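Enquirer: Pasting the sequence and the predicted coordinates here, then a few questions.
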Amino acid sequence: MALLKDPPSGVEIDMNKISSNLSEWIVDVTGAAGTNYEGETFQLQFKFGPRYPFDSPQVLFIGSNIPVHPHVYSNGHICLSILTDDWSPALSVQSVCLSIVSMLSSCKEKKRPPDNAFYVKTCSKNPKKTRWWYHGKF
Amino acid sequence: MASAASPGDEGGASGGGSDKAEPGTSADNSSTGAFECNICLDTAKDAVVSMCGHLFCWPCLHQWLETRPNRQLCPVCKAGISKDKVIPLYGRGSTNQQDPRDKIPPRPQGQRSEPETNTNFPGFGFADAGFQMSFGIGAFPFGFFASTFTNGNNLNTGRPPAPAPGTPQFQEDQFLNKIFLWVAMLFIFWLLIA
Ligand SMILES: [Zn+2]
Ligand SMILES: [Zn+2]
């Protein structure tokens, strides 16, 4: 709930789009100034399961504007290790949003993942069911 | 499969666990925030503190440790952590000086099968089907064997007694047994060369 009181810049919660049982949130994020996504607005959907916070929420981009990014598939799925393997129950919605914004900010070239077409065709609706193959350090 | 990066590629997020993953302190306006559990964000009850200095309710921390028994990390700073390396905290007001770790913490909901974290390769449906199919065929000849063996010796109790030698039924049985045996052999041979 800290996020409701004091959202960090570029992260905004749409109160109308929080489901009545709080298990589904829509968060608006805006691309940071000085990055490839400056001025763009995106919608993130959070779905919290019964085991939250011990289990990570399901997080994906929704809406008409899905950021073009090497780790974001055109169906909104995000390949980010903290959303699965590196999840920690101390992570808040706010820190997840910040991680995603900083992931966008660090992008040098706006392009889809190389396997986007294949993945979008074959993946589950729930990105958490994807066994992501994280590059970089674990 | 999917190409990806941990958020730490750019030093942006992975190392940042400690500075931004503290919801209790980042946006709180009361002094009690310092004693909030890092998991449930409530005032820690049955409080324990890790060697890295992070405060949790013991039930919360226990459930987290159970969630990933082979990768026990501090939720806040990812330091290694274990039941033996957390210190219970007893405030003055606390009447109950029992070590919270000795209490049975609220159990995680039964034996959780973990459908969410399954290794669910999109393309693995075929492999699954293939495995089950070959298993089915593999088990086939043994079924035949079992039946021929139990027919062969007369110790079978559940079945009707084997017909007496010389009767046409006996010969029929022998014939069937032979056929089954051959079919079974063929199956095994086929399995070997397949
Ligand atoms: Zn707690
Ligand atoms: Zn720690």
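Expert: Good, I have the coordinates. Ligands and ions are numbered 1, 2, ... in the order given.

Enquirer: Run a quick neighbour tally on residue B:82.
Expert: 10 (other C-beta atoms under 10 Å in any protein chain shown). Every C-beta, even on glycine, is put in place using the N, C-alpha and C of the backbone.

Enquirer: if I pick it, what's in contact with it?
Expert: Contacts for residue B:82 (C-beta atoms under 8 Å, 6 or more residues apart in numbering or on different chains) come out as B:65, B:72.

Enquirer: how much space between it and residue B:102?
Expert: 16 Å (C-beta to C-beta, to the nearest Å).

Enquirer: count of residues packed around residue A:33?
Expert: Quick note: residue A:33 (other C-beta under 10 Å) scores 11 neighbours.

Enquirer: touching chain B at all, the longest helix seen in chain A?
Expert: The longest helix of chain A (DSSP state H) is helix A:93-105. Yes - judged by C-beta under 8 Å from any C-beta of the partner chain, helix A:93-105 comes into contact with chain B at A:94, A:95, A:98, A:99, A:102, A:103, A:105.

Enquirer: average model confidence for the next helix or strand after that helix?
Expert: Heading C-terminal from helix A:93-105, the first helix or strand you meet, by DSSP states H and E, is helix A:116-122. Across helix A:116-122, the average pLDDT comes to 93.

Enquirer: Skipping adjacent residues, who's closest to residue A:90 in space?
Expert: residue B:75 (3.8 Å; C-beta to C-beta, 6 or more residues apart in numbering or on different chains).

Enquirer: which residues does that neighbour contact?
Expert: Shown in contact with residue B:75 (C-beta under 8 Å, 6+ apart): A:88, A:89, A:90, A:91, B:21, B:38, B:39, B:54, B:56, B:61, B:64.

Enquirer: for those residues, which one is nearest ligand 1?
Expert: residue B:39 (4.7 Å; C-beta to the ion).

Enquirer: Test my guess that that closest one contacts residue B:62.
Expert: No - applying C-beta atoms under 8 Å, one finds residue B:39 not in contact with residue B:62, separated by 10.3 Å.

Enquirer: shared neighbours of the two, which are they?
Expert: What both residue B:39 and residue B:62 touch, as defined by C-beta under 8 Å, 6+ apart, is an empty set.

Enquirer: Residue A:53 versus the residue nearest to residue A:90, what's the distance?
Expert: 9 Å.

Enquirer: can you list residues touching both of those two?
Expert: The contact lists of residue B:75 and residue A:53 share A:89, A:90, A:91, B:39, where a contact means C-beta under 8 Å, 6+ apart.

Enquirer: Secondary structure added to these, as JSON lines?
Expert: As requested, the shared contacts of residue B:75 and residue A:53 are arranged in JSON lines below (DSSP: H, G, I helix; E, B strand; the rest coil):
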{"residue": "A:89", "secondary structure": "coil"}
{"residue": "A:90", "secondary structure": "coil"}
{"residue": "A:91", "secondary structure": "coil"}
{"residue": "B:39", "secondary structure": "coil"}
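
Enquirer: what's the closest of the residues you listed to residue A:46?
Expert: Nearest to residue A:46 among those: residue A:91, at 11.5 Å, using C-beta to C-beta.

Enquirer: Around the closest one, how many other residues sit close by?
Expert: 24.

Enquirer: do the same with residue A:109
Expert: If we define neighbours as other C-beta under 10 Å, then residue A:109 has 8 of them.

Enquirer: any idea how far residue A:94 is from the closest residue to it other than its chain neighbours?
Expert: Nearest residue to residue A:109 in three dimensions, chain neighbours excluded: residue A:70, at 7.4 Å (C-beta to C-beta, 6+ apart). Distance from residue A:70 to residue A:94, counting by C-beta to C-beta: 24 Å.

Enquirer: the more surrounded of these two?
Expert: residue A:94 (22 against 19).

Enquirer: Phi, psi for residue 65 please.
Expert: No chain was given, so I picked chain A. phi -110, psi 100 (degrees, to the nearest 10).

Enquirer: oops, chain B please
Expert: Torsion angles, degrees, to the nearest 10, at residue B:65: phi -60, psi -30.

Enquirer: and it, what does it touch?
Expert: Here residue B:65 is in contact with B:72, B:81, B:82, B:83 (C-beta under 8 Å, 6+ apart).

Enquirer: Apart from its neighbours in sequence, what residue is nearest residue B:48?
Expert: In space, residue B:48 is closest to residue B:86, 4.2 Å off (C-beta to C-beta, 6+ apart).

Enquirer: pLDDT at residue 70, what is it?
Expert: Just going to use chain A. 95.

Enquirer: was after chain B, sorry
Expert: Looking at residue B:70, its pLDDT reads 90.
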